[in-house]
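A.B. asks: below are the sequence and a predicted model; questions follow.
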4 protein chains.
Amino acid sequence: MSAVARVKYRVIYGDTDCGGVVYYANYLRLFEIGRTELLRAKGLTYREIEEKENLILPVVEAHVRYRKPLRYDDLVLIETALTELKPHKVRFDYRLLVEDVLHATGYTVHVPVNKEGRLQKFPEPLYHFLEKLILSEKSVYKNE
Amino acid sequence: MSAVARVKYRVIYGDTDCGGVVYYANYLRLFEIGRTELLRAKGLTYREIEEKENLILPVVEAHVRYRKPLRYDDLVLIETALTELKPHKVRFDYRLLVEDVLHATGYTVHVPVNKEGRLQKFPEPLYHFLEKLILSEKSVYKNE
Amino acid sequence: MSAVARVKYRVIYGDTDCGGVVYYANYLRLFEIGRTELLRAKGLTYREIEEKENLILPVVEAHVRYRKPLRYDDLVLIETALTELKPHKVRFDYRLLVEDVLHATGYTVHVPVNKEGRLQKFPEPLYHFLEKLILSEKSVYKNE
Amino acid sequence: MSAVARVKYRVIYGDTDCGGVVYYANYLRLFEIGRTELLRAKGLTYREIEEKENLILPVVEAHVRYRKPLRYDDLVLIETALTELKPHKVRFDYRLLVEDVLHATGYTVHVPVNKEGRLQKFPEPLYHFLEKLILSEKSVYKNE
């Protein structure tokens, strides 16, 4: 079973800017689609984490390396891997490809916070769920 | 005292699309800036309506007429007027201008809803506040 | 053969606002996904219209009626129909549904413009292509 | 003369998400507003760079550290400094503050590219213009 989630996204006009390419902020929208899909593919939705665990996972850090511009109508393959897990922290790494060519990489780091906004550890069952998703071949997917 | 609020907005890359102009959805962002400014200029913030009146004003209808494209770095003058008020409904009309030339017009219709999502009348004090903002010279500002 | 295109879209965090629902401007992103899909399903991409016909189709009018709020993680069914065609104008109508319940309707009107920004007639072949897409059961799909 | 540009931005509904805070991608919109303002404050617009120098400055790397969430109606102070300049590369660092409290930091790296998409050196006059903006007190502004 692959620990890397793959989902496709078709670029629309609304994602692009007047430079003729996808606006740099919108790569983070694609990353969101990717990590949501990774969880969903493994049987958990982010909505369930929020509702059942009474927990949110705000982002504390984001990084993008733009290699080749994404363009209107491109069918982007979003690859997402869970590359790091600590009791208070989880990291996802992303690769964006068009027709097998790498266009961008990046990562986001998230921390578990309760509804009152206080940092907390991952609850045991969620931690174990995430643990099973950690990617072994880190060399490829963990960017910089 | 003019009942029309005027506020300026500088178009950024992130507002535009690969057609070289502002993406059509983002005109509704400019309308939001306009109506927020109209309330604020008259001494009320939308945040206060939410918090003090325990009320939100979801949009039930929006319309835009695109006349000339807005472009990157344009300094857009957003004019907003309250053009209709009923116990259960308020309408704002908008005009977007660049260097005195009209580029777009539009309107939005909003209804008062309580935090449980139920339609309700405007509370008396808020209704009277809004009543004073109604534009008399409707001919100019109420679009179509 | 149905003249109505149907495509699904999963709502992400980035589409929503702090009111807990999809931001009102982002309904126009969904409409763009819908009309692009209608053309693609019939064998033509919008990119091809731009490149082969040397033509763009800027929007001159947009309208949305918000009936029930779209929320995070909703799987939205976007239905699009071509409801009006004139030599200088085409109109698309949209319906957004979640689990068979209608949440929003709307339309956009577009005009053919050449790369120099001048209004022109649809070229013959494109006009005939679009003509075959016109919806007969207008009663259902043409909103207001 | 301070080499740090300061510009204010009022958060709208359209910037936020259903977590009740500004969506993480939209911090990059604020960074764009910041670096545009830095150039403008020193007498050069990004539009002029594009048009006169026949040059664009695509972003090759972006990083954000989210410290405290930005919220609806916050008046955000965007501070921008040019912190690194090489013949083929320029870096901007950003700090976002609300009421003097630091909420986020980040940076973007850009490279000069001609209209044909080829990497090139900064033209002499532009390089000298940017050189004068380099921040000396790097310790404060250059993040991580």
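C.D. replies: Great, that's in hand. Everything quoted here is computed from the prediction, not taken from an experiment.
A.B. asks: where does the residue lying farthest from the centre of chain A sit: helix, strand or coil?
C.D. replies: Most distant from the centre of chain A: A:Cys18, at 26.3 Å, with distances by Cα atoms, centre = their mean. State at A:Cys18, reduced to three classes by DSSP: H, G, I helix; E, B strand; the rest coil: coil.
A.B. asks: chain neighbours aside, what residue packs nearest to it?
C.D. replies: For A:Cys18, ignoring the flanking residues on the chain, the nearest one in space by Cβ to Cβ, 6 or more residues apart in numbering or on different chains is B:Thr16 at 3.8 Å. All C-beta atoms are positioned from the backbone trio N, CA, C, and that covers glycine.
A.B. asks: relative to B:Ile78, how far out is the residue farthest from the centre of chain A?
C.D. replies: 20 Å (Cβ to Cβ, to the nearest Å).
A.B. asks: got it, and A:Tyr9?
C.D. replies: 32 Å.
A.B. asks: who has more neighbours, these two?
C.D. replies: Neighbours per residue (other Cβ atoms under 10 Å in any protein chain shown) separate A:Tyr9 from B:Ile78, with B:Ile78 holding more: 23 against 18.
A.B. asks: please name the nearest non-neighbouring residue to that one.
C.D. replies: B:Ile78 sits nearest to B:Gly34 (Cβ to Cβ, 6+ apart), 4.1 Å away.
A.B. asks: separation between the one residue sitting closest to the centre of chain A and B:Leu119?
C.D. replies: Centroid-nearest residue in chain A, with Cα atoms, centre = their mean: A:Arg35, separated by 3.3 Å. Distance of A:Arg35 to B:Leu119, given as Cβ to Cβ: 37 Å.
A.B. asks: repeat for A:Glu32
C.D. replies: Taking Cβ to Cβ, one finds A:Glu32 at 33 Å from B:Leu119.
A.B. asks: more neighbours: which of the two?
C.D. replies: It is A:Glu32, of A:Glu32 and B:Leu119, that has more neighbours when counted by other Cβ under 10 Å, with 24 against 12.
A.B. asks: now that one: phi and psi?
C.D. replies: phi -60, psi -40 (degrees, to the nearest 10).
A.B. asks: and the nearest residue to it once chain neighbours are set aside, how many neighbours?
C.D. replies: Spatial nearest neighbour of A:Glu32, chain neighbours left out: C:Ile12 (5.3 Å); criterion: Cβ to Cβ, 6+ apart. For C:Ile12, the count of nearby residues is 20 (other Cβ under 10 Å).
A.B. asks: for D:Asn114, see how far away C:Ile12 is.
C.D. replies: Distance from C:Ile12 to D:Asn114, by Cβ to Cβ: 35 Å.
A.B. asks: check A:Ala104 too.
C.D. replies: As judged by Cβ to Cβ, A:Ala104 and D:Asn114 stand 22 Å apart.
A.B. asks: which of the two has more neighbours?
C.D. replies: Ranked by neighbour count (other Cβ under 10 Å), A:Ala104 and D:Asn114 place A:Ala104 first, with 25 against 12.
A.B. asks: wait, the residue nearest to B:Ile78 touches B:Thr80, no?
C.D. replies: Yes: at 3.6 Å, B:Gly34 counts as touching B:Thr80 under the criterion of Cβ atoms under 8 Å.
A.B. asks: what sits in contact with each of the two?
C.D. replies: Common neighbours of B:Gly34 and B:Thr80, counting by Cβ atoms under 8 Å, 6 or more residues apart in numbering or on different chains, are B:Ala5, B:Val7, B:Phe92, B:Tyr94.
A.B. asks: surely the last one is in a strand?
C.D. replies: Yes: counting by three-state DSSP, B:Tyr94 is part of a strand.
A.B. asks: wait, it touches B:Thr83, no?
C.D. replies: No: if you go by Cβ under 8 Å, B:Tyr94 and B:Thr83 don't touch, sitting 9.9 Å apart.
A.B. asks: out of the two, which sits in the busier spot?
C.D. replies: Between B:Tyr94 and B:Thr83, counting by other Cβ under 10 Å, B:Tyr94 is the more crowded of the two (28 against 21).
A.B. asks: distance check, the more buried one against C:Glu61.
C.D. replies: 14 Å.
A.B. asks: got it, and A:Ala3?
C.D. replies: Distance from A:Ala3 to C:Glu61, by Cβ to Cβ: 48 Å.
A.B. asks: and A:Val4, by the same measure?
C.D. replies: A:Val4 is 44 Å from C:Glu61, by Cβ to Cβ.
A.B. asks: who's in contact with A:Tyr46?
C.D. replies: For A:Tyr46, the contact set (Cβ under 8 Å, 6+ apart) comprises A:Thr36, A:Leu39, A:Leu57, C:Asp73.
A.B. asks: make sure the last one is indeed in a strand.
C.D. replies: In this case it means C:Asp73. No: under three-state DSSP, C:Asp73 falls outside any strand and is assigned coil.
A.B. asks: show me the contacts for it.
C.D. replies: A:Thr45, A:Tyr46, A:Arg47, C:Arg10, C:Val11 are the contacts of C:Asp73 under Cβ under 8 Å, 6+ apart.
A.B. asks: can you tell me what sits against the helix or strand containing A:Ala62?
C.D. replies: A:Ala62 is located in strand A:59-66, with elements delineated by DSSP states H and E. Here strand A:59-66 makes contact (Cβ under 8 Å, 6+ apart) with A:24, A:27-28, A:31, A:103-111, A:143-144, D:24, D:58-67.
A.B. asks: again with stretch A:119-126
C.D. replies: So stretch A:119-126 is in contact with A:Ile49, A:Glu53, A:Leu55, A:Pro87, A:His88, A:Val90, A:Val111, A:Pro112, A:Val113, A:Asn114, A:Tyr127, A:Leu130, going by Cβ under 8 Å, 6+ apart.
A.B. asks: just the buried ones from these?
C.D. replies: Neighbour counting with 16 or more other Cβ atoms under 10 Å in any protein chain shown marks A:Ile49, A:Glu53, A:Leu55, A:Val90, A:Val111, A:Pro112, A:Val113, A:Leu130 as buried within the contacts of stretch A:119-126.
A.B. asks: which members of the residues you listed are the farthest-apart pair?
C.D. replies: A:Val113 and A:Leu130 (15.5 Å; Cβ to Cβ).
A.B. asks: picking that back up, leaving out the residues flanking it, which one is nearest to the residue nearest to the centre of chain A?
C.D. replies: A:Arg35's closest residue in space is A:Phe92 (Cβ to Cβ, 6+ apart), at 4.7 Å.
A.B. asks: A:Leu38 too?
C.D. replies: In space, A:Leu38 is closest to A:Ala5, 3.7 Å off (Cβ to Cβ, 6+ apart).
A.B. asks: I figured the one you found hits A:Ala41, correct?
C.D. replies: Yes: when contacts are counted by Cβ under 8 Å, A:Ala5 is listed as touching A:Ala41 (4.9 Å).
A.B. asks: please enumerate the strands of chain A.
C.D. replies: A:5-10, A:55-56, A:59-66, A:75-86, A:89-98, A:101-110, A:113-114 (DSSP state E).
A.B. asks: what average pLDDT does the fourth one get?
C.D. replies: It stands for strand A:75-86. Taken as a whole, strand A:75-86 carries a mean pLDDT of 96.
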